[in-house]
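Enquirer: Sequence first, predicted model second:
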Amino acid sequence: MTSEWVEWHRGYEEGRPLTERLRVVQDRIREALDDHPSGPIRILSLCAGDGRDLLGVLEGHPRAGAVRGRLVEQTPELVDAGRERAARDGLTGLEFVQGDASTTDACIDAVPADIVLACGIFGNISDEDVRCTIDHLPELCAEAATVIWTRGRFAPDLTPTIRQWFAEAGFSERSFVAIPDTAMSVGSHRLAVPPRPVPPRTRLFTFLPKAERPSQRPEARGTPPASR
């Protein structure tokens, strides 16, 4: 039986709306890499899937050799696919970890990170857990780190509140892209306050049962790529 998330990744097939979200996420990653000072760049990707958002940027990027990254994903088929591509592309600084990205234990020894990817999470968890995750992000970040996130704008649209929560957690907004003709959006924020130490054994979020996820509301139907 095909995993739910393996099936979801088929939304990246050419011509489907998720490919446009991928392009926007990759543009934000590329900007963060280009803006980072010389020296090592540490990246953390939560619920990373097969890592194509990051791998697609690092392939051929002049800063690829400076990147050390941990990509955490629970689905073994996606982890295997990501590892194979990273090896094929010679991206030896990346570590794919099969595990649960919803607790800080998955991040120990991989933080503080200069770039944190929280893509495909906020549409699958409660509003309270979105707020909890944002509040804990300064503990995963290095000074002036960039966080890149995604969320569907299906009604009721939580993205204005999410952007406010980032501001309250000490982040300044770099960009917010509402992708035309879809419900998808991509945000990018920079940490503007001092980082905090990461606490062990702290839960950030819990994926809801599929029927209870915000992305599965009737208002979100017709835009399945926004479901992660």
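Expert: It's in.

Enquirer: Please pull out the lowest mean pLDDT helix or strand from this structure.
Expert: Every helix and strand of the chain was ranked by mean pLDDT, DSSP states H and E. The lowest is helix 4-9, at a mean of 77.

Enquirer: Which other helices and strands does that helix contact?
Expert: Judged by 3 or more Cβ pairs under 8 Å, 6 or more residues apart in numbering; DSSP states H and E, helix 4-9 is in contact with helix 76-88. Bear in mind the C-beta positions are built from the backbone N, C-alpha and C, glycine included.

Enquirer: Buried residues of the helix it packs on, list them for me.
Expert: By neighbour count on 16 or more other Cβ atoms under 10 Å, the buried set for helix 76-88 is Leu78, Val79, Ala81, Gly82, Arg83, Arg85, Ala86.

Enquirer: Buried residues of the longest strand along the chain, list them for me.
Expert: Among all segments of the chain classified by DSSP state E, the strand with the greatest residue count is strand 141-152. Of the residues in strand 141-152, Cys141, Ala142, Ala145, Thr146, Val147, Ile148, Trp149, Thr150, Arg151, Gly152 count as buried by neighbour count, 16+ other Cβ under 10 Å.

Enquirer: Contact partners for the first one?
Expert: Just to be clear, that refers to Cys141. Val111, Pro112, Ala113, Asp114, Val116, Val147, Leu191, Pro195 (Cβ atoms under 8 Å, 6 or more residues apart in numbering).

Enquirer: Gln74 - nearest residue in space that isn't next to it in sequence?
Expert: Distances taken as Cβ to Cβ, 6 or more residues apart in numbering place Asp100 nearest to Gln74, at 5.9 Å, with adjacent residues excluded.

Enquirer: Next one: Phe154 from Ile134, what distance?
Expert: 19 Å (Cβ to Cβ, to the nearest Å).

Enquirer: what angle sits between the helix or strand harbouring Arg131 and strand 141-152?
Expert: Element membership for Arg131, per DSSP states H and E: helix 127-136. Between the axes of helix 127-136 and strand 141-152, defined by axes from the mean of the first three to the mean of the last three Cα atoms, to 10 degrees, the angle is 160 degrees.

Enquirer: So which elements touch helix 127-136?
Expert: Using 3+ Cβ pairs under 8 Å, 6+ apart as the contact test, the elements touching helix 127-136 are helix 159-168.

Enquirer: mind listing what's buried in the helix it packs on?
Expert: In helix 159-168, the ones that count as buried by 16+ other Cβ under 10 Å are Thr159, Ile162, Arg163, Trp165, Phe166.

Enquirer: Stretch 49-62 too?
Expert: For stretch 49-62, burial by neighbour count (16+ other Cβ under 10 Å) applies to Gly49, Asp50, Gly51, Arg52, Asp53, Leu54, Leu55, Gly56, Val57, Leu58, His61.
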